[in-house]
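Trainee: what follows is a predicted structure for the sequence shown.
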Amino acid sequence: ARRIVVLLSGSGSNLQALIEAQSHDRLGGEIVAVISNEADAYGLKRARDAGIDAVALPHREYDSREAYDGALIKVIERHEPDLIVLAGFMRILTPRFVQRFLGRMLNIHPSLLPAYRGLNTHAQALADGVSEHGCSVHFVTEELDGGPVVIQAALKVSADDTIETLKEKVHAREHLIYPIAVGWFLNGRLQYSGTGATLDGTALPPQGLR
Ligand code: GAR
């Protein structure tokens, strides 16, 4: 089976969606390890409960970003993954780390990229009064939240939405699109081309499928 390593920092609801897809044979592979930079991340408990190897690798125990990412590379490679899945992994990655896994690392981001890279996406979308918001799955490149987008889910922002309601709506969409993108990759349908992403050999538009 194709092997997946998931990196996270928090709750791990996206991990849970991937675990559920796997249990229904809809993922095209097996999550072999979950690694967190936060030892008390709830996502590690979700992994353990599902019988998945759960590894805490606290970044505070390392002197530099380079040292931490070097240690992380070692732990990841021990599991010989075909795909690295970032699921709420709240750290900026070094160029060395990104290069090591280029073309086989996906991230999910809570905005319709290229809008709102970085943090506090829901608050920014609300402050701007946009009518649409959502989430994106993309290949990870050295540009923060700037790699080729694979798939997006959009939703209408309503007048009474708050940061909390938006966050909840976006999460529900994330749980739908992440297993789809991971499945495409593991089934050999999705590739990183160096400049963009291709699905079944055809270049995806800059904002992926929606
Ligand atoms: C998700 O909304 C994901 O898009 C976001 O963190 C949340 C993790 O939720 N990721 C980022 O902001 C990456 N910069 P989860 O732990 O419940 O899956």
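Mentor: Structure received.

Trainee: could I get the contacting residues of the residue of the chain found nearest the ligand?
Mentor: Nearest residue of the chain to the ligand: G88, at 2.6 Å (C-beta to the nearest ligand atom). To be clear about C-beta, it is placed using only N, CA and C from the backbone, and glycine gets the same treatment. G88 sits next to 8-12, 14, 43, 108 when contact means C-beta atoms under 8 Å, 6 or more residues apart in numbering.

Trainee: helix or strand for it, which one?
Mentor: Assigned by DSSP states H and E, G88 belongs to no helix or strand.

Trainee: could you do the one 4 residues further on as well?
Mentor: In the assignment (DSSP H and E), I92 maps to no helix and no strand.

Trainee: so it touches D69, yeah?
Mentor: No: counting by C-beta atoms under 8 Å, I92 stays clear of D69, with 9.8 Å between them.

Trainee: of the two, who's got more company?
Mentor: D69 (21 against 10; other C-beta atoms under 10 Å).

Trainee: from F89, how far out is that one?
Mentor: 12 Å (C-beta to C-beta, to the nearest Å).

Trainee: ok, what's across the strand from the residue minimising distance to the centre of the chain?
Mentor: The centroid of the chain falls nearest to N107 when counting by C-alpha atoms, centre = their mean (2.8 Å). Taking DSSP bridges, one obtains L86, H138 as the residues bridged to N107.

Trainee: list the contacts for it?
Mentor: 86, 89, 137-140, 145, 147.

Trainee: confidence score at it?
Mentor: Note on N107: pLDDT of 98.

Trainee: same question for V98.
Mentor: Per-residue confidence (pLDDT) for V98: 98.

Trainee: residues near the nearest residue to it once chain neighbours are set aside, how many?
Mentor: Once flanking residues are discounted, V98 sits nearest to E142: 5.1 Å by C-beta to C-beta, 6 or more residues apart in numbering. Using other C-beta under 10 Å, E142 is surrounded by 13 other residues.

Trainee: that concludes my questions; thank you for your assistance.
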